[in-house]
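Trainee: the following block contains a protein sequence and its predicted model.
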Amino acid sequence: MALIISPEVTTIGTDATNGTSGAFIIQGNTSGVGVTKSGNTLTVGLSAVPNASLANSSITINGQSVSLGGSTTISAAAANALTAGTGISYNTGTTYNGSAAITISNSGILTVSGTTNQISASTTTGATTLSLPNSIITPGDLTVSGNLVVNGTTTTVNSSTITVDDKNIELGSVVSGVVSTTGTVGSITGTGPWTATITGMTSTSGLVVGSAISATNGTGQLFGGTPTSVLVASIVSATSITYTVTGGLTPVAGAVSNIITTGPTDVTANGGGLTLKGATDKTIIWDSANTNWTSSEHWNLPTGKTYKINNVTVLSATQVLGKNIGGTTAGDIVSIDATQTLTNKTLGGFPLFSFANLNATGTNQAGAAAITTSIVNVTTSVNNTGVVLPVAAAGVRVVVRNTGTLALNLYPNGTNQINALAASTAFVLAVGAMTELVATSTTQWYTMTAIYG
């Protein structure tokens with residue numbers, strides 16, 4: 001005979017006390033325990049366990065004790081306000097007590113996306129990244145509160161009027177300082193000046209043709225000795241340049257470091273200026289070779305304005321170098337558009353178009369009477385007397401007439417000479433003759449054909 005016992009039965013044994021031989025006694029709490037016999041099989045089953053038989057017969061929920069097998073209703077202690085931000089909506093009232101499901105919807109910002117040439121947007125799980133594209137277009141105004149730095153080769157401004165508060169505009173402002181930490185000198189040509197290349201540079205940004213450069217020597221060196229100039233000749237790429245060395249000694253191939261530019265030079269300034277586009281370019285350009293500005297167009301000054309040198313007027317509508325045009329005072333400039341009377345004008349040291357009567361004197365150059373006018377009538381009353389010309393100056397003309405009764409000795413001044421005569425030798429002018437002498441240099445006079453009358 002088999003015996004099957006459920007776990008809730010505490011004791012199973014024979015009833016020796018009662019003397020019941022061969023009988024099984026089941027002790028323990030048999031409440032709810034069913035005992036059945038089928039043939040030789042006795043089955044003890046458990047249908048329920050009373051709470052009193054358990055170590056823990058109840059549980060606590062939200063502060064309420066609930067017996068096992070019992071029931072209770074759980075509710076929120078209080079309804080709480082539910083607030084949604086801008087663009088967020090939900091399907092209940094303004095409070096939430098947990099009694100109904102809530103669906104939260106995004107009714108404002110649905111997606112994050114960029115705008116062409118303005119903002120770029122990229123997303124990954126849980127993150128959105130906003131960035132500026134390489135090319136930016138701003139449809140409205142752009143205000144920069146800090147400094148604006150433009151690193152590029154061309155800056156284009158498409159506007160009809162540019163207004164700048166600054167009163168000084170700098171052109172050709174070339175950077176100075178270290179432009180590359182490394183480089184290799186090579187391809188050295190020439191015998192002085194020399195041309196060489198620098199390759200393997202970390203950057204060539206900021207360099208322009210004509211920039212003065214230097215570097216720390218390594219196995220190579222940009223130049224030897226003390227050159228008069230070391231200038232960039234061309235920008236080959238973002239990592240390479242060519243340069244020229246004038247004076248000093250030949251460069252040495254090899255590595256250098258800390259390549260430095262010292263800033264603008266007259267070479268970098270050459271060709272700089274302003275260009276106004278038109279049917280032809282209107283330019284004001286700096287010419288380093290001639291150290292001057294060159295304008296492609298005329299300059300016009302309004303009435304009352306002048307050209308000055310060192311704050312001294314040198315050209316105006318009525319004066320040149322401080323002299324009046326068409327004036328009548330000493331030093332004034334003769335004009336051809338009006339009648340003027342010339343007074344005390346001199347040429348070559350004596351008055352122009354002046355006349356005098358003169359008596360011949362002396363018997364040699366030292367004793368001869370001096371001619372001080374451009375036209376002179378000379379009287380000869382003593383044999384071998386004469387007159388002496390002024391100092392020769394190219395273009396000076398003197399007319400001499402012998403109105404005396406004796407031949408006239410006409411002497412040059414100092415060591416000057418007349419025609420092919422020896423220096424200081426007199427030209428003899430016959431009685432009644434008149435001649436014009438023209439100086440062609442500071443030492444030579446020539447006579448025109450003598451006229452008698």
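Mentor: Sure thing, it's come through.

Trainee: doesn't Thr268 belong to a helix?
Mentor: Yes. Per DSSP: H, G, I helix; E, B strand; the rest coil, Thr268 lies within a helix segment.

Trainee: what about it, distance to Gly367?
Mentor: 70 Å (C-beta to C-beta, to the nearest Å). From N, CA and C alone the C-beta is placed, and that goes for glycine too.

Trainee: which one's more surrounded, these two?
Mentor: Counted by other C-beta atoms under 10 Å, Thr268 and Gly367 do not tie: Thr268 has more neighbours, with 22 against 13.

Trainee: is the more buried one in contact with Gly206, as I believe?
Mentor: No. The pair Thr268 / Gly206 is not scored as a contact, 11.4 Å apart, by C-beta atoms under 8 Å.

Trainee: shared neighbours of the two, anything?
Mentor: Among the neighbours of Thr268, those also in contact with Gly206 (C-beta atoms under 8 Å, 6 or more residues apart in numbering) are Val174.

Trainee: distance of Ser145 from Asn384?
Mentor: To Asn384, Ser145 is 100 Å away according to C-beta to C-beta.

Trainee: the two: who's more crowded?
Mentor: With neighbours defined as other C-beta under 10 Å, Ser145 and Asn384 compare such that Asn384 has more, 15 against 5.

Trainee: count the neighbours of the nearest residue to the more buried one once chain neighbours are set aside for me.
Mentor: Distances taken as C-beta to C-beta, 6 or more residues apart in numbering place Thr363 nearest to Asn384, at 4.8 Å, with adjacent residues excluded. Residues contacting Thr363 under the criterion other C-beta under 10 Å number 13.

Trainee: how about Thr363, secondary structure?
Mentor: Three-state assignment for Thr363 (three-state DSSP): coil.

Trainee: now swap in Gly146 and tell me
Mentor: With three-state DSSP as the criterion, Gly146 reads coil.

Trainee: contacting residues for it?
Mentor: By C-beta under 8 Å, 6+ apart, no residues touch Gly146.

Trainee: how is the protein carved up into domains?
Mentor: Residue ranges for the domains of the chain, per automatic domain parsing: 2-49, 177-264, 273-297, 300-338, 350-452.

Trainee: what about the stretch 301-450 of the chain, any weak spots by pLDDT?
Mentor: Residue ranges of the stretch 301-450 of the chain with pLDDT under 70: 326-331, 334-352, 450.

Trainee: at 80 what do you get?
Mentor: 319, 321-353, 449-450 (pLDDT under 80).

Trainee: go on, the stretch 151-300 of the chain?
Mentor: Across the stretch 151-300 of the chain (using pLDDT under 80), the flagged ranges come out as 151-154, 159, 175.

Trainee: need the strands for the stretch 201-350 of the chain, in chain order.
Mentor: Assigned by DSSP state E, counting those that start in this stretch, the strands in the stretch 201-350 of the chain fall at 213-217, 224-237, 240-249, 254-261, 273-276, 282-287, 292-295, 307-309, 312-315, 319-320, 323-324, 346-347, 350-351.

Trainee: for the second one, list every residue counted as buried.
Mentor: Neighbour-count burial for strand 224-237 flags 227, 229-233, 235 (criterion: 16 or more other C-beta atoms under 10 Å).

Trainee: list the contacts of the nearest residue to Ser214 once chain neighbours are set aside.
Mentor: Once flanking residues are discounted, Ser214 sits nearest to Ile260: 5.2 Å by C-beta to C-beta, 6+ apart. Residues in contact with Ile260, defined by C-beta under 8 Å, 6+ apart, are 176-179, 213-215.

Trainee: quick one, which of the strands of the stretch 201-350 of the chain gets closest to Gly186.
Mentor: Closest to Gly186 of those is strand 254-261 (C-beta to C-beta; 8.3 Å).

Trainee: tabulate the CA atom coordinates of that closest one in PDB.
Mentor: Extracted in PDB, the C-alpha atoms of strand 254-261 (Å, rounded to 0.1, in the frame of the first residue of the first chain):
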ATOM      1  CA  GLY A 254      68.500  70.800 -46.300                       C
ATOM      2  CA  ALA A 255      66.000  71.100 -43.500                       C
ATOM      3  CA  VAL A 256      65.200  74.500 -41.800                       C
ATOM      4  CA  SER A 257      62.700  75.400 -39.200                       C
ATOM      5  CA  ASN A 258      60.600  78.400 -38.000                       C
ATOM      6  CA  ILE A 259      60.300  80.100 -41.300                       C
ATOM      7  CA  ILE A 260      59.400  83.700 -40.500                       C
ATOM      8  CA  THR A 261      58.200  86.700 -42.600                       C
END
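
Trainee: strand partners (parallel or antiparallel) of it?
Mentor: strand 177-189 (antiparallel), strand 213-217 (antiparallel) (DSSP bridges).

Trainee: and the angle from it to strand 224-237?
Mentor: Angle between the axes of strand 254-261 and strand 224-237 is 80 degrees (criterion: axes from the mean of the first three to the mean of the last three C-alpha atoms, to 10 degrees).

Trainee: for strand 254-261, buried residues please.
Mentor: If you call a residue buried by 16+ other C-beta under 10 Å, then strand 254-261 has these buried ones: 255-256, 259, 261.

Trainee: from those, pick the one nearest Asp332.
Mentor: Distances from Asp332 to these, taken as C-beta to C-beta, are shortest for Thr261 (55.1 Å).

Trainee: appreciated, that's everything.
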